[in-house]
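Asks: My questions are about this predicted structure, shown below with the sequence.
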Amino acid sequence: MYEVSKAVIDTNVLVYDIFEDSIHHREASRLLDDLRRWIIPSIVIHELIWFLRGMNIDTRVAIDVVLQYLRSYKTEIIPISTRDVVDAVSTIKQEGLSLSRYNDKLILTIALRLKSPLASFNNRLRREALNKGIMVLPKSI
């Protein structure tokens with residue numbers, strides 16, 4: 001079990017949890033099971049819906065999956081604030097990055113604001129979080 005009780009959840013954790021044949025399914029499911037609280041930025045729910053749509057998952061099935069996460073007693077949906085957006089786009093500008101990095105920067109900004117660990121399987125995002133002093137879960141991938 002993880003020694004932390006909550007974490008900001010990146011979209012890929014939910015995707016790996018959903019698809020049993022995915023490379024990190026077992027680890028994602030265990031991570032979610034072990035945490036007492038899932039801090040889910042609202043952008044993650046949007047990304048999950050867009051991902052399921054892109055995978056041509058039946059609409060009813062996709063909605064049921066999303067609702068399971070939304071209705072879980074563990075879930076805390078975090079709305080995106082103006083400050084979060086300003087911080088994310090300012091970081092993109094300062095680092096000379098593409099806007100394609102916006103969602104990840106937004107999730108990172110929220111983890112920083114909440115001083116919460118970040119759960120992600122995205123290696124680049126994990127490195128950035130560690131460089132900013134944010135704990136990442138799982139400990140290794």
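Replies: Thanks, I have it.

Asks: Show me the strands in the protein, by range?
Replies: Applying DSSP state E to the chain gives strands spanning 6-9, 37-41, 75-78, 118-119, 136-137.

Asks: low-scoring stretches of the protein, by residue?
Replies: Counting by pLDDT under 70, the chain contains low-confidence ranges at 1-3.

Asks: number of nearby residues for L67?
Replies: 10 (other C-beta atoms under 10 Å). The way it works is simple: take the backbone N, C-alpha and C, and place the C-beta from them, glycine included.

Asks: oh sorry, the question was meant for Y16
Replies: The local packing count at Y16 equals 21, with neighbours defined by other C-beta under 10 Å.

Asks: With the one 4 residues further on instead?
Replies: Under the neighbour criterion other C-beta under 10 Å, E20 is assigned a count of 9.

Asks: what do you get for S22?
Replies: Number of residues near S22 (other C-beta under 10 Å) recorded here: 15.
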